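Enquirer: Provided below are the primary sequence and the corresponding predicted coordinates.
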Amino acid sequence: MNKHFGRQDVPVSESEAASLFLLEQVMEYTYPAALRAAAMLGVADHLADGPKPADELAKATGVDSLRLYRLLRVLATRGIFREEEDRRFALTPPAEFLRSDVELSLRQAVLMLTDETFWRPIGNLAGIAKAADKNPVFREIFGMPFFDYWASQGASAKDFHAGMMSMSEVENQFLVRSYDFPEGATVVDIAGGMGGLLLRVLRENPTVRGKLFDRPHVLERNRLGELGADDRWELVAGDFFKACPPGDVYILKYIMHDWSDEDAIRILSNCRAAMNPGGRVLIMDPVLPAGNTPHPGKHMDILTMGIYDGGRERTEEELGRLLAGAGLRLNRVINTGCYISVVEGVAD
């Protein structure tokens, strides 16, 4: 257990420290709230040319100076911004990624992950835990399942997809450099969205060809034209619950965690049925460690509980059972250096 944040020079009993620790933990939700506010206001953009006082930042962002100071002060306790003398604030290395004009900006990812579609259901995890099967809380709030909701949002759904792309751009660099794609292979990105991950695979593996597989309205927004080699990729529209296109390597990033075990096995089975001899599937999800070991995937698991009907993050053993249910064998788990692992499944 971490020490509480109170004065360490005042002696307290172990019991007292434990009680303070619990009270401090329950107030931690204020931190992502402040982080969202800073992203919405674009504070980091106004610090790109150097530190500024809170008063100047308040004028630039059109908010109250004292209130802005208070939210930046709490972020500075976590290394997001740095408070200097006279209430001046400066960027830190993590805060640089809140800028909207930098490569691999995470501003849109922060806004997406703190959007009300994530935040509000989490407020009633007890109600979700009591549900027999599907997630009634999300439906009660938004009137439909998560993906249906965003599909219905029209222009505003661009913010969600921009957030996913922002988050993925950072993650994808870890994933692609951690796996040796076979020479000349056809890589199928299952429900690959706008194709950011497949684009990176193709850029870094010049002999590889790609297929981006998703629903027609998603494929319309694909980025694969950025490759500058249209003969190396194709778009395939379809439903992964019905069939998947043929290929050698199947990428499933953040797909398994969307679905129940039964549905996940259906998707993997369709990949297994379509794959060429010697093919493989790459599940790209957090792999949860056992016991009390901290891991970002355990937080992501709570997010999936809040927004999906049956999805969750899984342990290596649980992912192995999914693969076995589809006639595949877990061959290895690759540590990529970030919170997502590459779980390779091969045909028995």
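Expert: Good, I have the coordinates.

Enquirer: ok, which stretches of the stretch 201-348 of the chain are strands?
Expert: Per DSSP state E, counting those that start in this stretch, the stretch 201-348 of the chain carries strands over the ranges 209-214, 233-237, 247-253, 275-285, 287-288, 314-315, 328-335, 341-347.

Enquirer: Take these and write them to TSV, including mean pLDDT and mean neighbour count.
Expert: Where you see a C-beta, it was placed from the backbone N, CA and C, and this is true even at glycine. Compiled in TSV, the strands of the stretch 201-348 of the chain are given as follows (pLDDT from 0 to 100; neighbours: other Cβ atoms under 10 Å):
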stretch	mean pLDDT	mean neighbour count
strand 209-214	98	24
strand 233-237	98	17
strand 247-253	98	25
strand 275-285	97	20
strand 287-288	98	22
strand 314-315	97	18
strand 328-335	98	15
strand 341-347	97	21
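
Enquirer: can you put the ones you listed in a markdown table and add distance to Phe181?
Expert: A markdown table is the format used below for the strands of the stretch 201-348 of the chain (distance: least, Cβ to Cβ, whole Å):
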| stretch | distance to Phe181 |
| --- | --- |
| strand 209-214 | 10 |
| strand 233-237 | 14 |
| strand 247-253 | 6 |
| strand 275-285 | 9 |
| strand 287-288 | 20 |
| strand 314-315 | 24 |
| strand 328-335 | 13 |
| strand 341-347 | 11 |
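
Enquirer: Out of these, which gets nearest to Ile265?
Expert: Nearest to Ile265, of all those, is strand 328-335, at 9.8 Å by Cβ to Cβ.

Enquirer: tell me which strands and helices that closest one is in contact with?
Expert: helix 316-325, strand 341-347 (3 or more Cβ pairs under 8 Å, 6 or more residues apart in numbering; DSSP states H and E).

Enquirer: So what are the sheet partners of that strand and their directions?
Expert: strand 341-347 (antiparallel) (DSSP bridges).

Enquirer: hmm, back to that, out of the helices and strands packed on strand 328-335, which is closest to Ala37?
Expert: strand 341-347 (32.6 Å).
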